[in-house]
Structure formats: structure tokens, C-alpha cells
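Colleague: structure for the following, please:
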Amino acid sequence: MSDAEGFIFLSACLAGMAYGKTYQQTDWSTMSRRVWRRARQIYVIHLAVILPVVLTAWTFAGRITPLANHFHDFLVHPWGSLALIPLLLHQPPLFDILPLYIILLSATPFLFALARRHGWGILLAFSLLGWLAAQFKWDTHFISNPAEFLPLRWGSFDFLAWQLVWVAGLALGESALRRPVVSGRWRFGLAAISAPVVLAGLLARHGFLPVNPDWFLWMDKWTLGPLRLLNFAGWVALLLAWNPRVPARLLAPVAPLGRHSLAVFSFHLPLVIAASTLVQLIPLSNVWQTGVSLSVIAALFLWAAWLERAPRSSAPAVAAPFVPSQRLARIST
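Modeller: As a prediction, this is how the structure comes out:
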């Protein structure tokens, strides 16, 4: 598995807890307004980050080959791509996570309403069918390729596959408000089943377990292949059963990254593109490449530290915590 699964799943869990609580205490309209206000905020931030970056690439791509390669699809039809970016229909590499997040978050109020009427079980069953459709490419059989006429770039993540991660996270977060997700008598059994799955994944990842090359098709990231989904489910089940209590002092250094996750994520996108461009332009040794990578990570910590110290009234809107209550904010770290 990768960090993308964690990003989508944990975001959904927190959305289920925060907005699910609002739904319990108020009504659908109040909850949906809060969700869509957050989705609108993320949408504005996405445009504020992507538009300057693609315009910079358009300006300098003729002299900087790595930029031309990274934004190739945009540069082939720049005007058409610029028109499609606000519609989330043109997503250059690295700029496809937030559009996926915006779409899933925007659909969340309707998912809550369906879950309240029919239960999460039915919703998860239909979500699983969507994932299966992505595995067999059924969506491509019924939908023609409009990219033949427009410079569309959907992004690398298959929506039908990745919606399963979001729906499962929503179900877990909202259900946790009403009852313990895993009771004491089930913890040992859940750990006994999930631990071998996690261990096998770790051994295979680091070369200690032979892997048939044919299996790699079952580990595909973009369609969330079956083995990849099994590995991620194993981690979720193991952590639920284990329920580790990490000391607060160990979490403190990285907690600002979580409290300002949207700001940090948005800030890291141009930094990563700049760093990768630098590494491709200048022949650097492994030591210098490591130094560039560590500099990017250090910049993220500095950015989060600045947001922590900024007065709340003057802090940028992007710095607003994802979860309103302090209790949920501690969970998010």
C-alpha cells in the first residue's frame, strides 16, 4: 500500500466523525452546508496552487526539459487544458489527489443520507461493486473516450476503485460515534487474521518473500488491485485490534503537520516539482539528492510551525484544522 490509501481513508474517517456528529445533533441541511463549505475551500486552494504552477511550466518549459516532460499533456493543448482545470477535468501528475478528495467530499452528504436510510452495509456492498467494475474495466466498455476531442486528463486514480476507500472510512468514522468499532472479545481474532496479511506484505515488499511477477497486476495502485486492497485492509484491521497508544511527546513534533494538513499538502506540491526538476537538471550524487529531499521535508515542518504561531485571526484560511473539536483533532494526529 502507499500513503494515498492512508490519506483518503483517514480523511474519510475524520469526515465521518466530524460531520456525522453534526448530522446527529442537527439536520441534513446544516451538515451538508458544512461539508460543501469545506469542499469549496479545498477547491479554491487547489486552483490557487495548480494555476500558478502550470503557468510557470508553460512559460519556462521551452528551456527546462523536466517541466516540459511533467506537464506534457497540458503543453500540447494549453488553452483547452486551462479551461478544463477549473472543471477538474484536467489533472496533471501530482495534482490529482485534491480533485479526487473534492469529489468524494462533495458526495458525502448524500452518502450519509443513504446510510441513515438503508444502513452502511448496503452502501458498502454497492461501493464494492463499483470497485469490482474498476478491476474488470467495465467502466471503459460503456464510456467512450472523450479525450479524442478534448484535452482531458482524469488523473491516475480510478474513481470507481478509490471511492471504496472513502466509503469504508466514512462508515468507520460515523459508526465509531455510536458504538465501539471492535469489541474486546473480537480483538484477538481480528489480530490473528490480519497480522499474517500485514507480515506477508512487509516481507514481500522488502524482498524476503518471493513474488510471482504475474501478481503485480493484482497490486496495481491506480485501480487499487485486490492484493493491494487486502494489504490495506489488513493494516486497518490490525491497528483497530491493536489500538496502539502512542505517547503524546512522540506525536508532538509531527502534530502540526496533521493540524495543518491541507496547507502542508498544498505547499509540498510545488516544492516536489521544483526539487525533482532540480535533480533532473543537475547531475547530483546520492548524498546531494538526499539533501534536496531532506530540505523539502524540513521546509514542510517550517511551514507548519509558522502556521502554528500565526494569530488565528490573521492565519490564512488554508490553515483551518480539518476537525473542529479538539478531541477529534487529537485523534487526527
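Colleague: just give the nearest non-adjacent residue to residue 169, would you?
Modeller: The spatially closest residue to residue 169, leaving aside those adjacent along the chain, is residue 12, at 2.6 Å (CB to CB, 6 or more residues apart in numbering). To be clear about C-beta, it is placed using only N, CA and C from the backbone, and glycine gets the same treatment.
Colleague: in terms of pLDDT, where does the one you found sit?
Modeller: Looking at residue 12, its pLDDT stands at 96.
Colleague: any idea how far it lies from residue 51?
Modeller: Here the criterion is CB to CB, to the nearest Å. By it, residue 12 lies 27 Å from residue 51.
Colleague: then residue 101?
Modeller: Distance of residue 101 to residue 51, computed by CB to CB: 18 Å.
Colleague: between these two, which has more neighbouring residues?
Modeller: For residue 101 and residue 51, the more surrounded residue by other CB atoms under 10 Å is residue 101, and the numbers stand at 22 against 13.
Colleague: give me the distance from the host helix or strand of the more buried one to the chain's centre.
Modeller: According to DSSP states H and E, residue 101 maps onto helix 97-118. Distance of helix 97-118 from its chain centroid, counting by CA atoms, centre = their mean, to the nearest Å, is 14 Å.
Colleague: next, the buried residues of it.
Modeller: Neighbour-count burial for helix 97-118 flags 97-109, 111-112, 115 (criterion: 16 or more other CB atoms under 10 Å).
Colleague: what lies in contact with it?
Modeller: With contacts defined as CB atoms under 8 Å, 6 or more residues apart in numbering, helix 97-118 is touched by 4, 7-8, 11-12, 15, 19-20, 23, 28, 31-32, 35-36, 38-39, 42-43, 45-46, 88, 91, 122-123, 155, 157, 159, 162-163, 166-167, 170-171, 174, 265-266.
Colleague: now, of the residues you listed, which are buried?
Modeller: Among these, the ones that count as buried by 16+ other CB under 10 Å are 4, 7-8, 11-12, 15, 19-20, 23, 31-32, 35, 38-39, 42-43, 45-46, 88, 91, 123, 155, 157, 159, 162-163, 166-167, 170-171, 174, 265-266.
Colleague: let me know the average pLDDT across stretch 225-235.
Modeller: The model assigns stretch 225-235 a mean pLDDT of 95.
Colleague: off-centre distance for it?
Modeller: In this view, stretch 225-235 has its centroid 16 Å away from the chain centroid, taken as CA atoms, centre = their mean.
Colleague: now swap in stretch 167-180 and tell me
Modeller: Centroid displacement of stretch 167-180 relative to its chain, using CA atoms, centre = their mean, is 18 Å.
Colleague: for that stretch, list the C-alpha coordinates in CSV.
Modeller: What follows is stretch 167-180 as a C-alpha-only set of coordinates in CSV (Å, rounded to 0.1, in the frame of the first residue of the first chain):
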residue,chain,number,x,y,z
VAL,A,167,-17.0,5.0,1.8
ALA,A,168,-15.3,2.5,4.1
GLY,A,169,-13.6,5.3,6.0
LEU,A,170,-16.9,7.2,6.3
ALA,A,171,-18.6,4.1,7.6
LEU,A,172,-15.9,3.5,10.2
GLY,A,173,-15.8,7.1,11.4
GLU,A,174,-19.5,7.6,11.7
SER,A,175,-20.1,4.2,13.3
ALA,A,176,-17.4,4.9,15.9
LEU,A,177,-19.7,7.8,17.2
ARG,A,178,-22.4,5.3,18.1
ARG,A,179,-20.6,2.2,19.4
PRO,A,180,-17.1,0.7,19.7
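Colleague: may I see the buried residues of it?
Modeller: For stretch 167-180, the neighbour count (16+ other CB under 10 Å) marks 167-176 as buried.
Colleague: contact partners of stretch 280-290?
Modeller: Contacts with stretch 280-290, where a contact means CB under 8 Å, 6+ apart, come from 64-66, 279, 292.
Colleague: run the chain-centre distance for that stretch.
Modeller: Here stretch 280-290 is found 29 Å from its chain centre; the criterion is CA atoms, centre = their mean.
Colleague: for the strand or helix carrying residue 307, buried residues please.
Modeller: Remark: residue 307 resides in helix 286-309, with elements defined by DSSP H and E. Buried residues in helix 286-309, defined by neighbour count with 16+ other CB under 10 Å: 296, 300, 303-304, 307.
Colleague: so residue 31 touches residue 21, yeah?
Modeller: No: using CB atoms under 8 Å, residue 31 is not in contact with residue 21, being 9.0 Å away.
Colleague: which residues are in contact with residue 308?
Modeller: By CB under 8 Å, 6+ apart, residue 308 lies in contact with 256, 259-260.
Colleague: among those, which lie within strands?
Modeller: Among the contacts of residue 308, no residue falls in strands (DSSP state E).
Colleague: picking that back up, what average pLDDT does the next helix or strand along the chain from the helix holding residue 101 get?
Modeller: Following helix 97-118 in sequence order, the next helix or strand is helix 120-135 (DSSP H and E). Averaging pLDDT along helix 120-135 yields 96.
Colleague: not counting helix 120-135 itself, show me its contacts.
Modeller: Residues from elsewhere that reach helix 120-135, judged by CB under 8 Å, 6+ apart: 111, 114-115, 139, 158, 160-161, 163-164, 167-168, 171, 174-175, 223-226, 229.
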